[in-house]
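Chemist: No sequence on hand, only this structure:
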C-alpha cells in the first residue's frame with residue numbers, strides 16, 4: 001500500500017475542478033471524519049442526513065488537513081486559505097476512489113478472490129457458510145459483515161455498519177492483508193452501494209439473496225432499493241467474474257439483465273431449470289438435507305441450519321464457492337462443519353420443556369420465513385417477542401404485526417432500538433397491523449388463550465414470555481439477533497437478547513426444580529428399585545425428592561435413615577415433623593409412625609445408590625464419569641461447560657462425589673437433562689466400582705494416577721487399580737478416555753473390551769498408542785500468563801481448532817484434552833467445545849489466581865495436595881511469577897502412607913531446583929520438605945522457613961512480602977491453609993489502600 005501521494009496524482013482519476021491551489025501537498029491519509037484528521041490528511045466533505053462536512057472545513061485545516069474535496073453546490077462562501085481545494089459532483093464517490101487510489105490496490109492473490117453478497121436477508125448466513133467452506137479448503141478468508149470484521153480467530157471489531165465507510169474499509173483491508181487473508185468476503189448493503197462506499201473494488205463473484213421491504217425510509221421506493229442493489233452486478237462486478245442470483249425472487253430477471261458478468265441461477269424449487277437446482281429436500285427439526293444439481297455435478301447438502309429459507313442461503317453460498325473453483329466434496333464438508341450463525345435461528349436453550357430461539361429477522365419477509373419454519377417444529381404454543389427500530393422504515397411496522405399475528409399464538413410487542421422515537425408510538429404502529437378481534441391482553445396467558453400483549457421494556461417482555469411458557473412451547477425473540485446493545489435516543493446501552501433469555505431460563509429452571517424436586521417415584525417403585533419390602537403404606541403413594549438430613553427435609557420427601565457416626569433412625573420423629581412423605585429404613589425394630597409408607601432394606605446407603613441408578617436409567621441422559629488422582633473437578637467442570645453449550649447438563653456440586661454425594665446429585669436429574677457429568681472420588685478399593693455401577697457412564701475418564709490416599713491404598717499401583725475400576729465397569733458400547741501420558745492408565749487400558757479414545761500433550765508417536773486408534777492431541781501450546789493457555793486441538797475427523805483455556809497451570813491442558821475427547825465421543829462439534837472451554841473458571845480454592853488492584857498476586861490452591869499436584873502448582877508459580885519475588889506456602893500432604901517423609905523431601909528438592917525464592921513450610925511433615933530444600937545444592941539458595949503454627953508462619957512471612965510478589969498457598973484440606981490465604985487477602989487490601 002502506498003503511504004503518500006501528491007494531491008495532483010491522487011485526484012487524477014476524479015472529474016472536477018481545482019478551486020484553490022497550494023503547493024500540491026503530499027497526502028498521507030484520506031478521511032471524511034474531521035475528528036480523525038492528522039497532519040498531511042485529505043479531508044473529504046460529505047453531505048449527510050444529520051451533519052454537513054462542509055461546516056467543518058476550517059476545523060479540518062486547523063487539525064492538519066492539507067487538501068479539501070468539496071461537493072458542487074454545497075461549497076460555503078468563505079473557504080480556508082493555504083490549502084488545496086478540489087470540487088466534485090459527488091464527494092461520496094470521490095472518497096471511495098481516493099481511498100482506493102491511496103491505500104490500494106489489493107494484492108493480486110487477494111484481488112482474484114473478492115466476493116460480495118447483497119440482498120435484504122441472508123447476507124450474514126451466506127457469508128458464514130462461504131467462510132466455513134473456504135476454511136475447510138485450507139484457505140484463510142477475511143470477512144466484513146454485520147456481526148464483525150474478522151480473519152479466522154482474529155476479530156477487529158463488532159461492526160456498527162454492515163459495510164464500512166471507504167476509509168475504514170481500506171483500513172480493515174490492510175489489516176486482513178497483514179493477516180495473510182487469501183479471500184475477501186463482504187456483505188454489501190444497499191446503503192453502501194448507493195453511497196459508493198465500495199467503489200474502487202472489483203468483485204470476482206457477486207451473490208444476491210432476495211429483496212423484500214426494508215430501508216424505505218432511505219430509498220423511498222422498492223424500485224430505488226432494487227436499483228441500489230443492482231449496482232453490485234451492473235458496475236462493480238468484473239466482466240470475467242460470475243453473478244449468483246436467486247431465481248425464486250421476483251427481482252431475478254432485472255438483475256440478470258443488468259449483470260456485467262455471466263449468471264448462475266439457483267432455486268429451491270425442483271424443476272425450475274436453475275443452474276443450481278434442488279432435486280430433493282427434507283427440512284426438519286434436525287436441519288436441512290438436500291440433493292442439488294449443479295453445473296459441475298450433484299451436491300449433497302447436510303446442514304444443521306433450520307428453516308427452508310436457509311436452503312436458499314445454502315445454495316447461494318455453494319454457488320459462490322463453485323464459481324471460485326472449489327470441488328463439490330470440499331463444499332459439502334464445509335457446509336456440514338458450519339453449525340450456527342450468531343443471532344440467526346440461534347437456539348438459546350435445548351430444554352425439553354421449552355425452546356427459545358433468537359433471530360435477527362427485522363423485515364416482514366424474513367419474519368414470516370422464520371415463523372413458518374418454527375411453526376413446523378413447535379410442539380406447543382408459539383410465543384413471539386418482537387418490535388421495530390425507531391427512525392427507520394415506518395411502513396413495515398404494521399406489516400410485521402400482521403405477519404406475527406398470523407403465525408403466533410401469543411404476540412408480545414415490545415421495543416427494539418427505539419432511537420429518538422417514542423417507543424409507545426412505534427408499538428402503536430405495529431398494533432395497527434394486528435387484527436382488532438385478536439384480544440389485547442393484560443398479561444401473557446399460561447393457557448391456550450391467544451392474543452397480543454404490549455410491554456415497552458424488552459427485558460421484561462423476554463422474561464415474561466419465558467416465565468409464562470408451558471411445556472412444549474417455543475419462544476422466538478426476533479429483531480436484534482446478535483446485537484449486544486439497545487439504542488435509546490442516541491445512546492447505546494448494553495443489551496443482549498440471548499443473555500436476557502439465558503438468565504430467564506435459569507430462573508425458570510430454578511423454579512421448576514424447586515417445584516419438581518427431581519426424583520419422583522411411588523412407594524411400590526421405591527421398594528422395587530431398592531429390593532426392599534414395603535412394610536406399610538399405599539403402594540401408589542406418590543413421593544418426591546430424597547433427604548438424608550432432617551435439617552433440610554421438605555414435605556413429601558423420602559427420608560433415608562443412614563447409619564454412620566450417628567444413626568439416622570433416631571431422627572425419624574424430626575423427619576416426620578418436617579412432613580416426610582416416606583421412610584427408608586434398615587432397622588425394623590423401631591416403632592414406625594402410622595400412615596406413612598415405609599420401605600425396609602438391608603443397607604440404606606446402598607439402597608440410595610440403587611435408587612439413583614434406577615433414576616438415571618429412567619431419565620436416560622448421556623453420562624460421563626470422571627475420576628483420577630488430580631484434576632477430577634477441573635475436568636468435570638470442563639466437560640460440563642462444553643456439554644452445557646448443546647443441552648441441559650447436570651454435574652456434582654462441591655464434594656458430592658462419593659457414595660452418598662453422587663446419588664444425591666443423581667436425584668436432581670429431570671427429564672430436561674440431556675447430560676450428566678459425575679465426578680467419582682474414593683478413599684478405598686471398591687468405591688469407584690460402586691460409583692460406576694450407579695452412574696453407568698457412557699464415557700469414562702481417568703485423568704491421571706499419582707501418589708494420593710496411599711494410607712488406604714498402599715502404593716501407587718494400588719491407586720491405579722482403584723481408579724481403573726471405572727474402566728473395568730465399561731461395556732463394549734461405552735468408551736474409555738485414556739491418558740496416553742500416564743503409563744499406569746495405559747497399562748490398565750490395554751485389556752479393556754470397551755471402545756477407547758486416547759489423549760496426549762506429547763507427540764502421539766512417542767506413546768504406546770495402538771495403530772489406527774482415535775487420538776486427541778494439542779500443538780502450539782502457549783502460556784498467556786494468568787489468562788491461561790492457548791493451544792491448537794487436533795480431534796479425529798475434524799479440522800484443527802484453536803482453544804483458549806482461561807485457567808492457569810500447564811497440566812490443565814491435559815485435562816482439557818480429556819474433556820475434548822469425551823465430548824467428541826458424544827458428538828459435540830468444535831464450536832461448542834471452544835465456547836465451553838472458554839467459560840471454564842477455577843472452582844473453590846483450586847489453583848485460583850486472586851488479582852488485586854496492587855500487583856501482589858495470590859495463587860490459591862489450598863483445596864488439597866499430593867506430590868503430583870504440588871509439583872504442578874510449583875511449575876505454575878514459576879511460570880506466572882517469572883521476574884517477581886515468589887513465595888511458596890506449602891502445607892503437609894496427608895494420607896501419604898509409609899513413604900510420607902520421602903515424598904515431602906522430594907517436594908523440597910523439586911522446589912529448590914525450580915528457583916523459587918521463598919519456601920514457607922507448614923506442619924509436622926513439612927520439616928522434611930524444608931530440610932531437603934535447605935540441603936539442595938542449587939544456588940541461588942531458596943530462603944526456607946518451617947513452622948507448625950499458622951500465626952508464627954504469617955509473622956515470619958509478612959515482613960518479606962512486597963506489592964509485586966506472587967504467593968502460592970497449597971496443602972491438604974486438613975491443614976486449613978485457607979487461613980493464610982485470607983491473611984494474604986487482607987494484606988492485599990493494605991497494599992492497595
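Modeler: Cool, got the structure. Remember, it's a predicted structure, so these values are computed and weren't measured experimentally.

Chemist: Distance check, the residue positioned nearest the centre of the chain against residue 531.
Modeler: Against the mean C-alpha coordinate of the chain, by CA atoms, centre = their mean, the closest residue is residue 835 at 3.2 Å. With the distance defined as CB to CB, to the nearest Å, residue 835 ends up 44 Å from residue 531. For every residue, glycine as well, the C-beta is placed using N, CA and C.

Chemist: can you list the domains in this structure?
Modeler: 5-103, 108-337, 346-515, 520-609, 620-838, 848-992 (automatic domain parsing).

Chemist: quick check: mean pLDDT across the second one?
Modeler: Per-residue pLDDT over domain 108-337 has a mean of 91.

Chemist: Determine how far it lies from the middle of the whole chain.
Modeler: With CA atoms, centre = their mean, to the nearest Å as the basis, domain 108-337 stands 26 Å off its chain's centre.

Chemist: Pull up the distance across that domain, start to finish.
Modeler: Taking CA to CA, to the nearest Å, the first and last residues of domain 108-337 lie 29 Å apart.

Chemist: got a pLDDT number for residue 76?
Modeler: For residue 76, pLDDT reads 84.

Chemist: Just confirm it contacts residue 52, I think it does.
Modeler: No: if you go by CB atoms under 8 Å, residue 76 and residue 52 don't touch, sitting 9.4 Å apart.

Chemist: mind listing what's buried in the one helix or strand residue 253 maps to?
Modeler: Assigning secondary structure by DSSP states H and E places residue 253 in helix 252-258. Going by neighbour count (16 or more other CB atoms under 10 Å), the buried part of helix 252-258 is 252, 254-255, 258.

Chemist: next helix or strand past that helix?
Modeler: In the C-terminal direction, the helix or strand that comes right after helix 252-258 (DSSP H and E) is strand 263-267.

Chemist: which outside residues touch that following strand?
Modeler: Contacts of strand 263-267 with the rest of the structure, by CB atoms under 8 Å, 6 or more residues apart in numbering, involve 242-248, 252, 256, 273-278, 295, 312, 315-316, 319, 322-323.

Chemist: just stretch 943-954 next, same as before
Modeler: Contacts to stretch 943-954, defined as CB under 8 Å, 6+ apart, come from residues 889, 917-924, 926-927, 929-930, 933-934, 956-957, 960, 976, 979-980, 983.

Chemist: on that earlier part again, is it possible to mark the buried ones in the contacts of strand 263-267?
Modeler: Using 16+ other CB under 10 Å as the burial test, the contacts of strand 263-267 include 242-248, 252, 274-278, 312, 315-316, 319, 322-323 as buried.

Chemist: What about the residues you listed, which are in strands?
Modeler: Among these, the ones falling in strands (DSSP state E) are 242-246, 276-278.

Chemist: Relative to residue 132, which of the residues you listed is nearest.
Modeler: The closest of those to residue 132 turns out to be residue 244 (CB to CB; 16.9 Å).

Chemist: what pairs with the closest one across the strands?
Modeler: Following DSSP bridges, residue 244 is listed with bridge partners residue 207, residue 264.

Chemist: That one against residue 324, yeah?
Modeler: No: if you go by CB under 8 Å, residue 244 and residue 324 don't touch, sitting 10.5 Å apart.

Chemist: Quickly list what's touching both of those two.
Modeler: Jointly contacting residue 244 and residue 324 under the rule CB under 8 Å, 6+ apart are residue 205.

Chemist: before we move on, back to that, could you dump the buried residues of helix 252-258 to JSON lines with distance to residue 541?
Modeler: JSON lines is the format used below for these (distance: CB to CB, whole Å):
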{"residue": "252", "distance to residue 541": "68"}
{"residue": "254", "distance to residue 541": "73"}
{"residue": "255", "distance to residue 541": "71"}
{"residue": "258", "distance to residue 541": "77"}
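
Chemist: Go through the residues you listed and name the one nearest residue 850.
Modeler: Nearest to residue 850 among the buried residues of helix 252-258 is residue 255, at 60.4 Å by CB to CB.

Chemist: That closest one contacts residue 230, correct?
Modeler: Yes: with contact defined as CB under 8 Å, residue 255 counts as touching residue 230 (5.9 Å).

Chemist: shared neighbours of the two, which are they?
Modeler: Residues touching both residue 255 and residue 230 (CB under 8 Å, 6+ apart): there are none.

Chemist: Can you give me the buried ones in the helix or strand where the residue nearest to the centre of the chain lies?
Modeler: Element membership for residue 835 (DSSP H and E) is helix 830-838. Across helix 830-838, burial judged by 16+ other CB under 10 Å covers 830, 832-834, 836-837.

Chemist: Mean confidence (pLDDT) on it, please.
Modeler: Across helix 830-838, pLDDT averages out at 93.
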